[in-house]
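**Student:** Model the structure of this input:
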Amino acid sequence: MASNLGILTANATNSTGASASAPPAWRQFTFFDAVPVKDVHDLDSPPDIFKATPEISTVISSSAGVLVADIHGSIHLLNREFESISSWIAHVAGRVTHMVERRGILVTLGEEDAVRSPLLKIWDLENKDKTTNAPNLLRSTKVQLSNRPHPVTTVALSATLAHLAIGLGDGTVLLYRHLDQSLASSTSLTSIPKARTVHESPTEPITGLGFREPTEEVPNAYLFVVTTNRVLSYQASGRGSGAASVVVDEIGSGLGCATMDWRAKDIVVARNEAIYLCGIEGRGACYAYEGHKSSIHIHLNYLVIVSPPFFPTASSASATVRNLVARSANATETDVTKVTVFDPGNKLVAYSGTFKQGVREIISQWGQIYVLSSDGKLQCLQEKSTAAKLDMLYRKSFVRLGSQHGLYPNLDESSVADIHRQYGDHLYIKGDYDGAMQQYVQTIGSLQPSYVIRKYLDAQRIHNLVTYLQELHSLGLANADHTTLLLNTYTKLKDRRRFACVGRPDTSNTRGYLAKKYERHEDYLRIQIEDAGNFSDALMYLRKLGPEAAESNLARYGRAMLQSLPEETTQLLIDLSTVVSSETATPPSPSIKTIRADTASRRGSVYDPPVSASASGPSTPPPTSSILTARGAQGLPTTPATAGQPQPLPPIPVLKKLSPRVYFPHFVDHMEQFVIFLETVAARRWGQSVDDLKPGSIGLMGSKKDEQEQELLDSDDHAMLLDKVDQVAVWNTLLELYLTLPVQPRASTLTEGGTEEKKVVFDEKTMRDKAMRVLRSNEIPYDSMHALILCSTHGFTLGLVLLWEKMGMYEDVLRFWMDKDREGTTPGASHKVIEHLMQYGEQRPNLYPLVLRFLTSSPELLRRHQEDLAGILEYIDEEGLIPPLGVIQ
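**Tutor:** As a prediction, this is how the structure comes out:
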């Protein structure tokens, strides 16, 4: 959005007569006010911590507050009043040279008298030592590659704490990978990943480092390396990492003149002639902003540029410096440092000011910019409100520029709309009605439509008025009066086609026709379902959209449509979950029973009328075109109801099979339709059914798929995998429904005698029989562990035993019946133990000792199974399963 502001800024510059070949002249504004920061205990002095500014070695912002380090090795944590709330000695008898913080983890680099090499220490700011109140020290190690130590010039830490980079004065860059894992897995102070040398340039000291974090577009992390002469990129993670760094630009920078941009995407390199943005693929944008630069910093979307100290003159190229000389009598006798807040996206200077005695640090903290001077004074650059900035732009007649400030991301919608309104008024007064309308359209939803309509009624700008009214209708914000006015404008323009489109009696129909006209599918369905309650039209419209568009809209309205049209909506969901053409529109199937296993009916229409249909009942109107199954879609002939001989149809392309799992939540209040949906999808999509088969066996319904269809299914391994997941989900859900639904009554009716009769949707015996058929099947792909849990939860004993048998868990079967016998709630449980022993004992002889211990566990069992016990003992003796002494015991 900010880029649009830059374009219009350039337009504003060109309108003043600037040459197209000349570098852009940056518009300069005062969007920040410099406010002195005082000590909370002494309002005449700066914060006490900065009175010894020459002893401060480095200052950084952090998630915990401002961190100030000094040359004595101490670190101070400051609050919003710049009072020290915590301090500790980080480097004993030394000094802190560099600090960087991410997510409460502070990395310090410093020097100590007892150690020649730089010391790396890692601190946990969120957890403190109870005795010293200092942050916990997590790691402490030396940064040393050889016997000759080199000073650290810069440091960078990735946002995820995964990578730490250190630049040295000899041109070496060290990279510590997987730092976050090391900190989480070990408590040793010296346990740190081995440093990898990722760059060496003996003649080019390292002046800047920065990490580009992984994104969806670029999933790998990259490290930018800036030297005095070049900018390089090193891939730090992902496939291909570890290769040599790549030069992305032959322009380097001095120390402190390189930093990552506010999006952590590109690195900003400041040189005297310009400011450059470099990405992993090369140099990007370049901003011609001349002048000496000693350091550069990031504050939100701004760049803060600091110049080296200089003596101001009246002939300076900077208006800020010339104004300083004009206002101060002795300004030329003292050197000053210039601080500029630059908005590169919009190519404007938001602030420019001079500071005497030089600038020591720039701090971006708590949404503010703080400037610390070398004399210890602290200034806060407070950004003005959006209203104040816009007022400044309007007073300077930069109306176009002001309208684009409404595109700043920190503005709410009402503020943006007000900016567009003001700019639209400006263009309207100038007579630019088309341009004004472009601005007014941006205010829809915030500005009253009558404000705009009155203007264009007076000016007789009918075409512009039509544009505005059509946009109102397309956004669904028009009322009946707006519709009437739109029809009147069409009448004046003699636009009969558009008039016929919206010439309907009520607002809902009008909006619906407009939404349909402009192919705004979601708006049309919202109007038909939420406003008009016209579910039938919505259902037919969804059929015409095709599977892809229907899928997304049914995710929103599927439940409401099932509530109103359960059978028709169920049929549509079935069609979408099987192989269907986008031109298909068929009536609902009356029952799942219409699907048969015979091959002839599968090759014909899957919506054959029931054999027992009464002639006196209401007949279902014939479909406009029959649904084609996977075979029909391949070009097999179908049999129309009105033809005596099969007529070949042109092949219709097979579209994507949508996942039936998407629609499961819609059936939460429609269990009967849910069973129909799942059984029909399983039959039509995979040719599997539990109906009309013997309870003891099950097979695939109908004939096997022909070779042509099989080749189609084998053409995409990924699609086959997803289809298999859908198949398992359908049968798992069906099994759960078979075990949970039989006890649900549907409704109560009064008989002729006045008694109440409840109709049961599902017969328990039938549903449990279907569950057993699923469990016995070797073809239906259900999850056996899921089935085991379901049978156990719902007390389905036959299913439990069957699953244990299929899984070879014979001992579990015996123990189940043993437990039932001990509970005394299942008569004949002990006989079941003997029965299953006879069934499994030949394959599993180890079951005999288990049953023997069970039968001898109580006198009642011994009395009841004397003959069985004799047979078991005889078998144990013959097979030698237990020594005689063990049997006696």
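
**Student:** Of all the strand elements in this protein, which one is longest?
**Tutor:** strand 115-128 (DSSP state E).

**Student:** check which helix or strand covers the nearest residue in space to Thr443 that is not next to it in sequence.
**Tutor:** With sequence-adjacent residues excluded and distances taken as C-beta to C-beta, 6 or more residues apart in numbering, Thr443 is closest to Ala417, at 4.3 Å. Yep, even glycine has a C-beta here, placed from its N, CA and C like the rest. Ala417 belongs to helix 413-430 when elements are defined using DSSP states H and E.

**Student:** Pull the contacting residues for the residue nearest to Thr443.
**Tutor:** Contacts here follow C-beta atoms under 8 Å, 6 or more residues apart in numbering; on that basis Ala417 touches Gln442, Thr443, Gly445, Ser446, Leu447.

**Student:** Beta-bridge partners for the last one, please?
**Tutor:** I take that to be Leu447. Ile444 (DSSP bridges).

**Student:** does it really touch Gln422, like I thought?
**Tutor:** No: look at Leu447 against Gln422 with C-beta atoms under 8 Å: they stay out of range, at 10.9 Å.

**Student:** From what I see, Val452 and Tyr468 are in contact.
**Tutor:** Yes: if you go by C-beta under 8 Å, Val452 and Tyr468 touch, sitting 5.8 Å apart.

**Student:** between these two, what contacts are shared?
**Tutor:** The contact lists of Val452 and Tyr468 share Tyr440, where a contact means C-beta under 8 Å, 6+ apart.

**Student:** what about the two, which has more around it?
**Tutor:** Val452 (25 against 21; other C-beta atoms under 10 Å).

**Student:** pLDDT score for that one?
**Tutor:** What the model reports as pLDDT for Val452 is 90.

**Student:** same thing with Tyr524?
**Tutor:** Reading off the model, Tyr524 has pLDDT 76.

**Student:** Could you say which helix or strand holds the closest residue to Thr53 other than its chain neighbours?
**Tutor:** Of all residues not flanking Thr53 in the chain, Gly376 sits nearest, at 4.2 Å (C-beta to C-beta, 6+ apart). For Gly376, there is no enclosing helix or strand under DSSP H and E.

**Student:** same check, this time on His199
**Tutor:** Assigned by DSSP H and E, His199 falls within strand 196-200.

**Student:** Please apply the same query to Ser233.
**Tutor:** Following DSSP H and E, one finds Ser233 within strand 231-235.

**Student:** Now do that strand: distance to the chain's middle.
**Tutor:** Computed by C-alpha atoms, centre = their mean, to the nearest Å, the chain-centroid distance of strand 231-235 equals 29 Å.

**Student:** cool, stretch 116-126 as well?
**Tutor:** On C-alpha atoms, centre = their mean, the centre of stretch 116-126 falls 36 Å from the chain's centre.

**Student:** any residues touching it, and which ones?
**Tutor:** Outside stretch 116-126, the residues touching it (C-beta under 8 Å, 6+ apart) are 62-64, 77, 90-91, 94, 97, 101, 104-112, 135-144, 149, 151-152, 166, 183, 192.

**Student:** buried stuff in it?
**Tutor:** Using 16 or more other C-beta atoms under 10 Å as the burial criterion, the residues of stretch 116-126 that qualify are Ser117, Pro118, Leu119, Leu120, Lys121, Ile122, Trp123, Leu125.

**Student:** I'd like the residues you listed as JSON lines, with pLDDT and distance to Leu427 appended.
**Tutor:** Output for the buried residues of stretch 116-126, formatted as JSON lines (pLDDT from 0 to 100; distance: C-beta to C-beta, whole Å):
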{"residue": "Ser117", "pLDDT": "87", "distance to Leu427": "66"}
{"residue": "Pro118", "pLDDT": "92", "distance to Leu427": "61"}
{"residue": "Leu119", "pLDDT": "93", "distance to Leu427": "64"}
{"residue": "Leu120", "pLDDT": "94", "distance to Leu427": "60"}
{"residue": "Lys121", "pLDDT": "95", "distance to Leu427": "61"}
{"residue": "Ile122", "pLDDT": "95", "distance to Leu427": "58"}
{"residue": "Trp123", "pLDDT": "94", "distance to Leu427": "57"}
{"residue": "Leu125", "pLDDT": "93", "distance to Leu427": "53"}
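
**Student:** Between all of the residues you listed, which two are separated the most?
**Tutor:** Ser117 and Leu125 (25.0 Å; C-beta to C-beta).

**Student:** give me the number of residues near Thr740?
**Tutor:** Using other C-beta under 10 Å: Thr740 sits among 15 other residues.

**Student:** Report the contact partners of it.
**Tutor:** Per C-beta under 8 Å, 6+ apart, neighbours of Thr740: His794.

**Student:** okay, it: pLDDT?
**Tutor:** At Thr740, pLDDT is 82.

**Student:** Over to Leu485?
**Tutor:** Note on Leu485: pLDDT of 82.

**Student:** Check Gln843 too.
**Tutor:** Per-residue pLDDT puts Gln843 at 66.

**Student:** Would you enumerate the residues in contact with Ser373?
**Tutor:** Ser373 neighbours (C-beta under 8 Å, 6+ apart): Thr53, Phe355, Lys356, Gln357, Gly358, Val359, Arg360, Gln379.

**Student:** residue ranges for the strands of the stretch 101-250 of the chain, please.
**Tutor:** 105-112, 115-128, 135-142, 152-157, 163-168, 172-177, 196-200, 206-212, 222-227, 231-235, 246-249 (DSSP state E, counting those that start in this stretch).

**Student:** Show me the shaky parts of the stretch 251-400 of the chain.
**Tutor:** Scanning the stretch 251-400 of the chain with the threshold set as pLDDT under 70 gives 325-326, 329-333, 394-400.

**Student:** before we move on, the earlier item: looking at the strands of the stretch 101-250 of the chain, which is buried most?
**Tutor:** strand 222-227 (a mean of 26; mean count of other C-beta atoms under 10 Å).

**Student:** how close does the spatially closest residue to Leu164 that is not a sequence neighbour sit to Leu168?
**Tutor:** Residue nearest to Leu164 in three dimensions, not counting chain neighbours: Tyr176, with 4.2 Å by C-beta to C-beta, 6+ apart. Here Tyr176 is placed at a distance of 14 Å from Leu168 (C-beta to C-beta, to the nearest Å).

**Student:** same question, Arg103
**Tutor:** Taken as C-beta to C-beta, the span from Arg103 to Leu168 is 26 Å.

**Student:** what do you get for Phe32?
**Tutor:** 37 Å.

**Student:** can you check Thr53 too?
**Tutor:** From Thr53 over to Leu168 (counting by C-beta to C-beta), the distance is 27 Å.

**Student:** same deal with Asp669?
**Tutor:** 69 Å.

**Student:** and if you look at Tyr428?
**Tutor:** From Tyr428 to Leu168 the distance is 63 Å (C-beta to C-beta).

**Student:** can you check Leu477 too?
**Tutor:** 62 Å.

**Student:** what's the first-to-last distance across stretch 373-391?
**Tutor:** 31 Å (C-alpha to C-alpha, to the nearest Å).
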